[in-house]
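>>> sequence and predicted structure, then a few things I'm wondering about:
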Amino acid sequence: MRRYARFVIPAVVIIGVLGFLMVNLSSSLVYYNTPAELQARDASDASLRLAGRVVPGSVVENEATVAFTVEDCDTTVSVVHVGAPPQLFQDGIMVVVGGTWDGEEFASSEMFVKHDEQYRTDAEDYDRTDHSCTDS
Amino acid sequence: MDPSVEWNWVLLAYGLTYGALVLFTTSIAIRITKARKKLAGSA
Amino acid sequence: MTSPEQSELSPSSVWPWVVMAVAGLVTFVAAMSVSPDAVQGQLSRIMYVHVPAAWLAYLAFGITMFGSAMYLWKKSLKWDRLAHSSAEIGVFFTGLAIALGMTWAKPTWGVWWTWDARLTLTAIMFFVYLGYLALRRTTDNLEVRAKRASILGVVAIIQVPLVHFSVVWWRSLHQAPTIIRPEGPDMDTSMVVTLLIAVASFTVMYVAMMIKRMELAHLEDEITIEEQSHQGPAAGDAVVAPDLAGGV
């Protein structure tokens, strides 16, 4: 009986955790939308994510919000984010924002900096141009 | 970000790494010692 | 069952511990000497432990698959001990890679955890290999245990490419590979060299850890064999075929 319990308890726990993770994975496969995909969508209250590069010079900081434009594959979307952006938020960096789309503007309530795969000791060496179109 | 804040995160990461490595390798060492004792006792 | 040779249980060697300490020190010195990334600043130093930890998780589970396949072929318990030892070390480094990833993600991404493909699949891999370790506790019969574990040890390897290429196949918050990619490394040479030193040191550390962990696995098998020989016949052994012929 003890041997039985020693196996069944971890098995139940592990299967439970795996099931939970699988459910989460299905929503992770489309982790974010591109600006072009978002433009093709109708306005809705459903929350979704958008990713793009912060267009240099577009950032306007207000008291409780920060407004900016993200770009990917020459398509842009205006974003208004409520709350403080992450520390690394800056011109030219990739961000993923979560919120709702009203057809014209993306209302963001969560923002992650999506650090890309470039590593440079000198800031001048960074490639900030929007050459990398996200696959679609 | 303030470099001193950045260093705090680096400190946390390296503390975590070496702390965990010491704990894990110590656990292997202790289990080896115990197993050797047990074998010596039963032989 | 053949009893392992006496020579293998000779006094415990000390040098693997020394190797581990030296490898850890080399990684630390290399990681602290290199220039930081221009965007991330000092935070980029976390890479030199996060990436080697993730690499060792892949390597360890690869060795687990190799040991498992060799056991199924040769039926020698030493291959099962290789698979088991590597799986335990792999679980350790998977957990470490996740913990380090979280301490890196919070200050850079702005969040400790998110359910993107890379993070979710890594968590699944961690729990499946914990399951491998739990499966080994289901029986005291060394051969049965080795067979059950070996089958899982071979099948579970599918997760390693799944985790690694998740950032290429699916959209994720985690960035794509920097070093191993068709266009070559997208990183300054000084950082690439430091990362390679860190990965090499961690690999040496893994080998030293494996030597000690396999010594432990060997001792544990010896204890099990010893205990089972003292217990006398197992309960099932008492059941013998009835002597229908009446005997002589």
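Sure thing, it's come through.

>>> residues near residue C:24, how many?
Around residue C:24 there are 20 other residues, counting by other Cβ atoms under 10 Å in any protein chain shown. All C-beta spots, glycine's among them, are computed from the backbone N, C-alpha and C.

>>> what of the one 4 residues further on?
When counting by other Cβ under 10 Å, one arrives at 17 neighbours for residue C:28.

>>> quick one: it from residue C:34, how far?
12 Å (Cβ to Cβ, to the nearest Å).

>>> what's the domain layout of chain A?
The record's domain split for chain A, according to automatic domain parsing, is A:1-30, A:31-125.

>>> is any part of the lowest-mean-pLDDT helix or strand in chain C close to chain A?
Using mean pLDDT, DSSP states H and E, helix C:159-169 stands out as the lowest-scoring helix or strand of chain C, at a mean of 88. No. Applying Cβ under 8 Å from any Cβ of the partner chain, one finds helix C:159-169 out of contact with chain A, separated by at least 9.0 Å.

>>> do the next helix or strand after that helix and chain A meet at all?
Once the chain leaves helix C:159-169, the next helix or strand it forms, by DSSP states H and E, is helix C:189-230. Yes. Against chain A, helix C:189-230 shows contacts by Cβ under 8 Å from any Cβ at C:190-191.

>>> so for helix C:189-230, mean pLDDT?
Across helix C:189-230, pLDDT averages out at 94.

>>> over to stretch C:90-106?
pLDDT averaged over stretch C:90-106 gives 97.

>>> what's the pLDDT at residue C:12?
The model reports residue C:12 with a pLDDT of 81.

>>> let me fix that, I meant to ask about residue C:23.
For residue C:23, the predicted pLDDT is 97.

>>> quick one: secondary structure of it?
Each residue gets one of three states, and residue C:23 gets helix by DSSP: H, G, I helix; E, B strand; the rest coil.

>>> same check on residue A:111?
Following three-state DSSP, residue A:111 is assigned to strand.

>>> tell me the contacts of it?
Listed by Cβ atoms under 8 Å, 6 or more residues apart in numbering or on different chains, the contact set of residue A:111 reads A:81, A:83, A:85-86, A:89, A:95-98, C:110.

>>> mark which of the residues you listed are buried, thanks.
A:81, A:85-86, A:89, A:95-98, C:110 (16 or more other Cβ atoms under 10 Å in any protein chain shown).

>>> let's have these in JSON lines, adding pLDDT and distance to residue C:158.
Output for the buried ones among the contacts of residue A:111, formatted as JSON lines (pLDDT from 0 to 100; distance: Cβ to Cβ, whole Å):
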{"residue": "A:81", "pLDDT": "94", "distance to residue C:158": "39"}
{"residue": "A:85", "pLDDT": "87", "distance to residue C:158": "39"}
{"residue": "A:86", "pLDDT": "88", "distance to residue C:158": "34"}
{"residue": "A:89", "pLDDT": "90", "distance to residue C:158": "38"}
{"residue": "A:95", "pLDDT": "93", "distance to residue C:158": "33"}
{"residue": "A:96", "pLDDT": "93", "distance to residue C:158": "28"}
{"residue": "A:97", "pLDDT": "93", "distance to residue C:158": "34"}
{"residue": "A:98", "pLDDT": "92", "distance to residue C:158": "31"}
{"residue": "C:110", "pLDDT": "90", "distance to residue C:158": "32"}
